[in-house]
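1. any chance you can model this:
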Amino acid sequence: MNISDIQSIIRDFESSNLMTLELEMDNFKLKLSKHKHDNHTYGETTIPSISSESTATPVSKDDAVTTFVKAPLVGTFYSSDAPGKKPFVDVGDLVNEGDVLCIIEAMKIMNEITAPKTGVITEIHLKDGQAVGFDQVIMTLGDV
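-> Next up, the predicted model:
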């Protein structure tokens with residue numbers, strides 16, 4: 001099972017009426033829950049309950065377009081590629097489409113999240129090491 005299969009399962013679960021899902025195959029085990037009190041810990045990684053924010057992308061504000069960069073999967077947010085290193089981006093940084101913004105770790109796999117367009121980072125919504133849910137807003141990107 002690869003990461004895109006896992007992402008597909010998470011997206012399907014989020015849009016379903018199911019409240020919990022447990023999947024076990026060979027050496028792979030996945031538990032998902034929409035109950036706010038369910039947090040499952042595997043090793044050092046906590047899999048949070050899935051929640052989605054109903055925020056449209058992009059949003060127009062006084063002729064400026066704001067784009068919300070959202071998490072494509074559940075995991076842990078990291079602002080740099082190693083502890084103590086300089087973050088990939090800071091508020092006010094100009095980024096080009098495809099630039100790495102952060103990393104989301106899911107099941108010990110590091111997933112680079114890239115800029116969907118050229119713009120300026122106007123807000124970073126998470127702190128380093130914080131759990132992130134599927135479709136949760138990670139950063140706000142404004143037009144240049």
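2. which residues are in contact with residue 102?
-> Neighbouring residues of residue 102 by CB atoms under 8 Å, 6 or more residues apart in numbering: 77-79, 87-89, 112-113, 138-139. The way it works is simple: take the backbone N, C-alpha and C, and place the C-beta from them, glycine included.
3. err, residue 103, not the other one
-> Applying CB under 8 Å, 6+ apart to residue 103 gives the contacts 77-78, 80-81, 88, 110-113.
4. again, only this time at 7 Å
-> By CB atoms under 7 Å, 6 or more residues apart in numbering, residue 103 lies in contact with 78, 81, 110-113.
5. which pLDDT value belongs to it?
-> Per-residue pLDDT puts residue 103 at 94.
6. what's the answer for residue 106, then?
-> pLDDT recorded at residue 106 is 89.
7. now do residue 60
-> We have a pLDDT of 50 for residue 60.
8. next, residue 11: secondary structure please.
-> With DSSP: H, G, I helix; E, B strand; the rest coil as the basis, residue 11 sits in helix.
9. so which of the contacts of residue 103 are in strands?
-> Counting by DSSP state E, the contacts of residue 103 place 78, 110-113 in strands.
10. what subset of the contacts of residue 102 is buried?
-> Buried members of those, counted by 16 or more other CB atoms under 10 Å: 77-79, 88-89, 113, 138-139.
11. burial check on the closest residue to residue 76 other than its chain neighbours, number of neighbours?
-> With sequence-adjacent residues excluded and distances taken as CB to CB, 6 or more residues apart in numbering, residue 76 is closest to residue 105, at 4.6 Å. Residue 105 has 16 neighbours, counted by other CB atoms under 10 Å.
12. hang on, residue 105 in a strand?
-> Yes - assigned with three-state DSSP, residue 105 falls within a strand.
13. do you know how far it is from residue 98?
-> Noted for residue 105: a distance of 21 Å to residue 98, by CB to CB, to the nearest Å.
14. for the spatially most central residue of the chain, give me the backbone phi and psi.
-> Using CA atoms, centre = their mean, the residue of the chain that lies closest to the mean C-alpha position is residue 71, 2.3 Å off. Per-residue torsions, residue 71: phi -70, psi 130 (degrees, to the nearest 10).
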